[in-house]
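Student: Build me a model:
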Amino acid sequence: MTLGCGIAEVDGKHVYWLRYLDWCCTTPLMLIELGILAGSDKWTTAILIVFDELMVITGMMAALSPEGKWELFMIGMVAFVLVLAKLFGNLQKKAQELGGEPEMLFNFVAGRTMEIWCTYPALFALCECANSFPEEFEVSGYAIADVLAKCGIPMMVWVSSLNNGKRPLLPTLLTSEVNN
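Tutor: Numbers count the residues shown, from 1 in each chain. Alright, predicted model coming up:
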């Protein structure tokens, strides 16, 4: 996008449509990771990904649409709520069945992922729908959220796996629990 690729102009404003294509590819990978952590079946994970793709695609449509931004944004938010419901409903239940370390790791990773993902609709509403902030704020905000979501969360899972079956290290460090 720095080189001018993946940018369209809508109503005199730059729309970085390439970020939506990126999210269509990367967010399913994050959800697959969460599905694996929870011990979810492939169909539950597939449904979660369908809701996710609906969310991302309606977001792209809203960004590229000069009219109807808020309506499309709301459809995307409904899909986001469905992702949350599936993640903290079915997948969390599956993680609870696993119990112990897998449950704790799933809860930690799913919680941090959704905390970061909640910044995206806030940025979209404030920057792309309401035009309340300059383009630089929008680009920086999405870049920071992307780095945290795509690098930070997988790093947490990786660091947690370094304990070779012991209690996950990262949730312990972040919650100030004593390691036994």
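Student: chain center to the strand or helix carrying residue 107, what's the gap?
Tutor: Take DSSP states H and E as the rule and residue 107 turns out to sit in helix 100-117. Mean-position distance between helix 100-117 and its chain equals 12 Å (C-alpha atoms, centre = their mean, to the nearest Å).
Student: Who are the packing partners of that helix?
Tutor: Helices and strands touching helix 100-117, as assessed by 3 or more C-beta pairs under 8 Å, 6 or more residues apart in numbering; DSSP states H and E, comprise helix 18-38, helix 92-98, helix 153-161, helix 169-175. Using the backbone N, CA and C atoms, a C-beta is placed for each residue, glycine as well.
Student: Who are the packing partners of the third one?
Tutor: The criterion is 3+ C-beta pairs under 8 Å, 6+ apart, and the helices and strands that helix 153-161 contacts are helix 18-38, helix 100-117, helix 169-175.
Student: I'd like to check the angle between the longest one and helix 100-117, please.
Tutor: Here helix 18-38 runs at an angle of 160 degrees relative to helix 100-117 (axes from the mean of the first three to the mean of the last three C-alpha atoms, to 10 degrees).
Student: quick one: contacts of helix 18-38?
Tutor: Residues lying outside helix 18-38 but in contact with it, judged by C-beta atoms under 8 Å, 6 or more residues apart in numbering, are 1, 5-7, 40, 44-45, 48-49, 52-53, 56-57, 59-60, 63, 83, 87, 91-92, 94-95, 98, 102, 105-106, 109-110, 113, 142, 146, 149-150, 153-154, 157.
Student: Quick one: mean pLDDT for that helix?
Tutor: When pLDDT is averaged along helix 18-38, the result is 93.
Student: now swap in stretch 77-88 and tell me
Tutor: Model confidence over stretch 77-88, given as mean pLDDT, is 96.
Student: Extract the CA atoms of that stretch and return them as CSV.
Tutor: The C-alpha trace of stretch 77-88 is given here as CSV (Å, rounded to 0.1, in the frame of the first residue of the first chain):
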residue,chain,number,x,y,z
MET,A,77,-21.1,-5.9,13.2
VAL,A,78,-23.9,-8.6,13.3
ALA,A,79,-21.4,-11.0,11.7
PHE,A,80,-18.8,-9.9,14.3
VAL,A,81,-21.2,-10.7,17.2
LEU,A,82,-21.9,-14.1,15.6
VAL,A,83,-18.1,-14.7,15.6
LEU,A,84,-17.9,-13.7,19.3
ALA,A,85,-20.9,-15.9,20.1
LYS,A,86,-19.5,-18.9,18.4
LEU,A,87,-16.0,-18.4,19.8
PHE,A,88,-17.1,-17.8,23.4
